[in-house]
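*Asks:* Sequence and predicted structure, then a few things I'm wondering about:
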Amino acid sequence: MNEGRIRLFRGENGRGATEEYPYERDEGMVVLDVVHQVQARYAPDLACRWNCKAGKCGSCSAEMNGKPGLMCMTRLERFPADQPITVLPMRAFPHVKDLVADVSWNYEVNRKIPPFRMREGQKRVAFQEDVDRVQEFRKCIECFLCQDVCHVLREHGKHAEFGGPRFFVRAAALEMHPWDAGGRLDLVRKALGIGYCNITKCCTEVCPENIRITDNAIIPLKERVVDRFYDPIRMLWRVMTSKEE
Amino acid sequence: MTAYQTSEHDVIVVGAGGAGLRAAIEASAQGVSVGLVCKSLLGKAHTVMAEGGMAAALANVRPEDSWKVHFRDTMRGGKFLNNWRMALLHAKEAPDRVNELEEWGAVFDRTKDGRINQRPFGGHTYQRLAHVGDRTGLEMIRTLQDHGVHRGLHVYMECTVVDLLLDGGRVAGAVAYWRNTGEFVVFRAKAVVMATGGIGKAWKVTSNSWEYTGDGHALAYFAGADLLDMEFQQFHPTGMVWPPSVRGTLVTEGVRGEGGVLRNNQGRRFMFDNIPPLYRADTADTEEEAARWVTGDRLKNRRPPELLTRDEVSRAIRREVKEGRGSPHGGVLLDIASVRPAEYIKRSLPSMYHQFKELAGVDITREPMEVGPTCHYAMGGVRVDADTAASTVPGLYAAGEAAAGLHGANRLGGNSLSDLLVFGRRAGHAAAEYAKSLASAPRIDEGAARDSIARALAPLGREGENPYTIQNDLQEMMDRNVGIVRAPEELSGAIDAIRRLRERLNRVGVGGTRTYNPGWHLALDLRCLLVCAEAVARAALTRTESRGAHTRLDFPKSEERWGKVNLVVRRGGDGMSIVEQPLEPVPEEFRAYVYGDKA
């Protein structure tokens, strides 16, 4: 057992600074263990979210030495032992306190997406190969790290016009469900603003569930939107008949 | 005086795991106003960590399966101490609840003919668990959450209930605080459903998260409700044991369901030495027979002994370790690598693969896992009516892990997720009906609400002991004194220790502000946790026999007399009392299924 140092952001509503704490290092420790040790020994009021401590609930997202990840799945071996680790809250959301960000905006976006609706007369039969791609999307643990690194949200603050990678994954899971009645592409185009995404794949790189967000969810959705709304023949049809499809 | 916000609903559901969400959806469907109050963000409740699957006699894989066999398996697993009516309703309704989840968008793993696939699990005669790899709980909670938020529920996230309010003995509402701000909210409600999960945070080696502090158990107890079966706390046989930081983290029973074998440090499959008479006829007695079952010949061969019920497997592992045949870090070896090809393991147990790779540096497709028992599940909880989930307090309901009865002395794996849906729905329905039947809303006792807020605020800013120290002392004591095998002097010692911990808690102090202050929140949670710990210790001291998850060093056998009573924990004038409650006998028409050889 040896001693390490950790710098944690302390403060409320975005005001504050990092404070440095010592910790006792043990084999196999993750960053969340250090945060808990600091809470128990030095700062019982240190705010952090966590639940499962096994990478299943997506609560303990933070930025560790500049890299967003789950604190419960980030082992200390990843960092140089002789330098302090710096932990900051996710930056793309309003700050609450210490390591906790206000992620409630995500829940508002989710409510805009119409839930699963079974097609009329659909029988509940599907083969594994039909559901494989939907199951990939449904692995999402809503850690919101993809939202945190998305430059449309992080740098440009387009929260009002853009849904973010998490909700393209959700929309894709519904639209590609073999039994779903569909009908969310207009929402994906307008309210979720998929056009803002220029497929830099930052979201895919950070996903702890290894969901291929850009390749498997966003690009196919973009293709469907283009087919649906920007196909020249369909556009001409709409102009001539003045009908929405 | 501290100001508080008020909010009014017909039904308040406390807890937003599977049971709470299902209760809220059902109550809302009955046309009443529903508030769903949860300590964490929506979708993060403990249900999300459930791995292996949801037991329901769909008979998709084994046509011989039926509710009768499921009913029988559940009663046998519970050592016949279950509430038979709950076990019956559960077995009959679980398939409908699973199918309904699919209609709401859940995507289960499929059989070759395109139906919901089912996997084998401990204590289940046939392959019965609908699943999604090893992340079934996530699928369930996300499906309910996404369905529920479009059903008019009002969700109060990161909001913790600290007290129930009563009006002349019936439920009138609840007092809660917002974690983000530390502000208080008083809910006025005609009915309250407790769906708060378990009590596992009273132990150190646990698969449970910080939330599992027995709030529903304790608040119901304070309100005068009976608790039942509190001596039965399940220790899951397979938690991680190394590295130290993940000790207790769950390793799904699905590993054994997929064929994983348990060995001691001499390479012996010790479960063959631990087959109890009740299961002898259904369990393979040679490695060869068990291997044939794993590779698919399930009609002619019997299940491997690794798939005995959790109480049996946990006790056996404990014995191996205690007698010096354990693995290097004090567990035993769980091996799937030599049974299944790497691709199969990665496909059917992806999060176990990931969890061991990331947290322990172990590749489970090549090497065995080190595992040992971890505190996992409370069979005990609020005593409820089987059909309505009503507690003994008018207007108060409980479902899921917070309720007792279905699982008796030991829960079968996979019966929890189905429990949440079956009794969550029943609780939501009955709470809504009750709320509709009241002519007027109960009156809120503002004095009681203010007292509750004042008590909750007391530790804040006070000079006093660190709540983390108190919790740590409680957990270490419970691991030592109230574990898998229990001795009377240790249980008495635990009761004394809890009294001293309560005195310390009365002097606890936390610095900082009311904004998102985990130390303060823990100080409040500890009040509930101590009630639960005391209930377990007292009930365990009273039951002088061994049965299911309760093993007494001084009474190693099951006693006929104790097979006819449940223990009720009740709040009396001078503290906690334990009352023997005669078990309702299984009606004649079902006795053949339950006690006979074949359903």
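*Replies:* All right, it came through fine. Numbering: from 1, shown residues only, chains lettered A, B, ... in the order given.
*Asks:* all helices for chain A, in order.
*Replies:* A:31-41, A:104-112, A:128-138, A:145-149, A:151-154, A:165-175, A:185-189, A:202-206, A:219-225, A:232-241 (DSSP state H).
*Asks:* Residues in contact with the shortest one: which ones?
*Replies:* Applying Cβ atoms under 8 Å, 6 or more residues apart in numbering or on different chains, the external contacts of helix A:151-154 come out as A:91-92, A:147-148, A:158-159, A:162, A:164, A:196-197, A:200, A:202. Quick note: C-beta positions are derived from backbone N, CA and C, even for glycine.
*Asks:* do the same with the fourth one
*Replies:* Contact partners of helix A:145-149, identified using Cβ under 8 Å, 6+ apart, comprise A:61, A:63, A:68-70, A:90-93, A:106, A:153-154, A:164-166, A:169, A:202-208, A:213.
*Asks:* rewinding a little: narrow the contacts of helix A:151-154 to just the buried residues.
*Replies:* Buried members of the contacts of helix A:151-154, counted by 16 or more other Cβ atoms under 10 Å in any protein chain shown: A:92, A:147-148, A:158-159, A:162, A:164, A:196-197, A:202.
*Asks:* Save the residues you listed as TSV, and put in pLDDT too.
*Replies:* Shown next, in TSV, are the buried ones among the contacts of helix A:151-154 (pLDDT from 0 to 100):
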residue	pLDDT
A:92	97
A:147	98
A:148	98
A:158	98
A:159	97
A:162	98
A:164	98
A:196	98
A:197	97
A:202	97
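*Asks:* right, and out of these, which lies closest to chain B?
*Replies:* The closest of those to chain B turns out to be residue A:147 (Cβ to the nearest Cβ; 13.7 Å).
*Asks:* Find the residue closest to the closest one in space, skipping its chain neighbours.
*Replies:* residue A:164 (4.3 Å; Cβ to Cβ, 6 or more residues apart in numbering or on different chains).
*Asks:* ok, the one you found - contacts?
*Replies:* Residue A:164 neighbours (Cβ under 8 Å, 6+ apart): A:106, A:109, A:146-147, A:150, A:152-153.
*Asks:* Just want the phi and psi numbers for it.
*Replies:* phi 90, psi 160 (degrees, to the nearest 10).
*Asks:* Same question for residue B:36.
*Replies:* The phi/psi pair for residue B:36 (degrees, to the nearest 10) is phi -110, psi 120.
*Asks:* what's the burial count for the residue nearest to it when sequence neighbours are not counted?
*Replies:* Once flanking residues are discounted, residue B:36 sits nearest to residue B:24: 4.5 Å by Cβ to Cβ, 6+ apart. Other residues near residue B:24 come to 32 when the count uses other Cβ atoms under 10 Å in any protein chain shown.
*Asks:* Is residue B:24 in contact with residue B:152, as I believe?
*Replies:* No: Residue B:24 is not in contact with residue B:152 according to Cβ atoms under 8 Å; the separation is 9.7 Å.
*Asks:* Quick check: neighbours shared by the two?
*Replies:* residue B:34.
*Asks:* was I right about residue B:130 contacting residue B:118?
*Replies:* Yes: using Cβ under 8 Å, residue B:130 is in contact with residue B:118, at 5.9 Å.
*Asks:* which residues are common contacts for these two?
*Replies:* With Cβ under 8 Å, 6+ apart, residue B:130 and residue B:118 have common neighbours B:53, B:58.
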